[in-house]
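Colleague: coordinates only, sequence not included:
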């Protein structure tokens, strides 16, 4: 098992803090394995194995007809003394009312609770009722480039040699753990894609026109990194002879978000210092989700570079926006407390450098500014704007 230090450090930070730790992310992003890592770490730190209760609620024998009371009593029966118990509860959203059970366990026993989930039932409004102020959500993403290198360390490749593979293959751990070719990797990812789209979203929301829903999903996938609106999707579907309402598109986008397939990136007006509600962008949980649907096309790499940079900033704890500076656009404005950085992403320099650098130079503050590129010869500094290779940007501890 390859440890993912980022998540282990976060979980150690909140260990024994009276909050429910919720690890949430797309299917197969590694949440169950992180719980297994946590269990091993607890044992290595002297916690008795009978005080670590691991429950996985994905099997029919567990959750078919199980109520929150069944869940609560089933766990309480295993708590046999007054010592602290560590509860590792995997895919709890399959239990209707799990929030009530977890809240009761938090109140009625000496417990430290960790739960995982991969769809919107995990994030229901009931959480605010039963766990208000008593939980923290830890987003679980697919592998960062740094983690990908760790998974591939036995191959003896340099980071820049692995970067091309990471861009094509993405960061699902099951793919990174094996030496698949592109076709085999995309088949595996396609299975993950269909399990989310069909099993999770279509069945749960009782979507009857699957063909139309699937076409909307493909439109979103095809337009990763581009600004578009629900109205633009409606117009596009109309041009194909398909009819749907703007409200339906909003629902589809919301369901994709809640199952962690896509992530919304809002626009930020840098002059008015306000978040805008129009012309947002969406990014895919993993680049391979696009390639398994659309096929790999080198011409699409530029948009997916943005996708990769977006998630790297999210992993490092930044809130990420598209910057609107009067008529100019900044790919990313990343904010964390009193920190801020500006990032432009482009595939090649120098032909694109004038525009990318000029947009950044128009920002009249002293926060760090970067142009991130795949150009091997472009590293340097232009009037305070740092030109940096994508591999180096992804491997930096701080910006």
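Modeller: Arrived safely. A quick note: this is a predicted structure, and the numbers were derived from the prediction, not measured. Numbering: from 1, shown residues only.
Colleague: Tell me where the stretch 101-250 of the chain has helices.
Modeller: For the stretch 101-250 of the chain, the helices defined by DSSP state H, counting those that start in this stretch cover 126-130, 145-151, 159-169, 173-176, 182-194, 203-204, 210-222, 230-239, 246-258.
Colleague: Return the list of helices and strands in contact with the second one.
Modeller: Read it as helix 145-151. The contact analysis (3 or more C-beta pairs under 8 Å, 6 or more residues apart in numbering; DSSP states H and E) places helix 145-151 against helix 159-169, helix 173-176, helix 390-394. The C-beta positions use only the backbone N, C-alpha and C, and glycine is treated the same way.
Colleague: Buried residues, it. List them.
Modeller: Applying a neighbour-count criterion of 16 or more other C-beta atoms under 10 Å, one finds 145-149, 151 buried in helix 145-151.
Colleague: hang on, the earlier thing: out of the helices and strands packed on helix 145-151, the one nearest residue 278 is which?
Modeller: Ranking the helices and strands packed on helix 145-151 by distance to residue 278, with C-beta to C-beta as the measure, places helix 390-394 first at 29.0 Å.
Colleague: Can you list the buried residues in that closest one?
Modeller: 390-391, 393-394.
Colleague: What of stretch 310-318?
Modeller: So, applying 16+ other C-beta under 10 Å, buried residues of stretch 310-318: 310-316, 318.
Colleague: could I get the helices of the stretch 101-250 of the chain as JSON lines with distance to residue 90?
Modeller: Output for the helices of the stretch 101-250 of the chain, formatted as JSON lines (distance: least, C-beta to C-beta, whole Å):
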{"stretch": "helix 126-130", "distance to residue 90": "17"}
{"stretch": "helix 145-151", "distance to residue 90": "21"}
{"stretch": "helix 159-169", "distance to residue 90": "26"}
{"stretch": "helix 173-176", "distance to residue 90": "15"}
{"stretch": "helix 182-194", "distance to residue 90": "17"}
{"stretch": "helix 203-204", "distance to residue 90": "19"}
{"stretch": "helix 210-222", "distance to residue 90": "27"}
{"stretch": "helix 230-239", "distance to residue 90": "35"}
{"stretch": "helix 246-258", "distance to residue 90": "19"}
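Colleague: Dump those helices to JSON lines, plus mean pLDDT and distance to residue 71.
Modeller: Output for the helices of the stretch 101-250 of the chain, formatted as JSON lines (pLDDT from 0 to 100; distance: least, C-beta to C-beta, whole Å):
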{"stretch": "helix 126-130", "mean pLDDT": "72", "distance to residue 71": "13"}
{"stretch": "helix 145-151", "mean pLDDT": "96", "distance to residue 71": "32"}
{"stretch": "helix 159-169", "mean pLDDT": "93", "distance to residue 71": "38"}
{"stretch": "helix 173-176", "mean pLDDT": "96", "distance to residue 71": "28"}
{"stretch": "helix 182-194", "mean pLDDT": "96", "distance to residue 71": "27"}
{"stretch": "helix 203-204", "mean pLDDT": "88", "distance to residue 71": "20"}
{"stretch": "helix 210-222", "mean pLDDT": "94", "distance to residue 71": "32"}
{"stretch": "helix 230-239", "mean pLDDT": "93", "distance to residue 71": "38"}
{"stretch": "helix 246-258", "mean pLDDT": "94", "distance to residue 71": "22"}
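Colleague: between those, which gets nearest to residue 49?
Modeller: helix 173-176 (25.1 Å).
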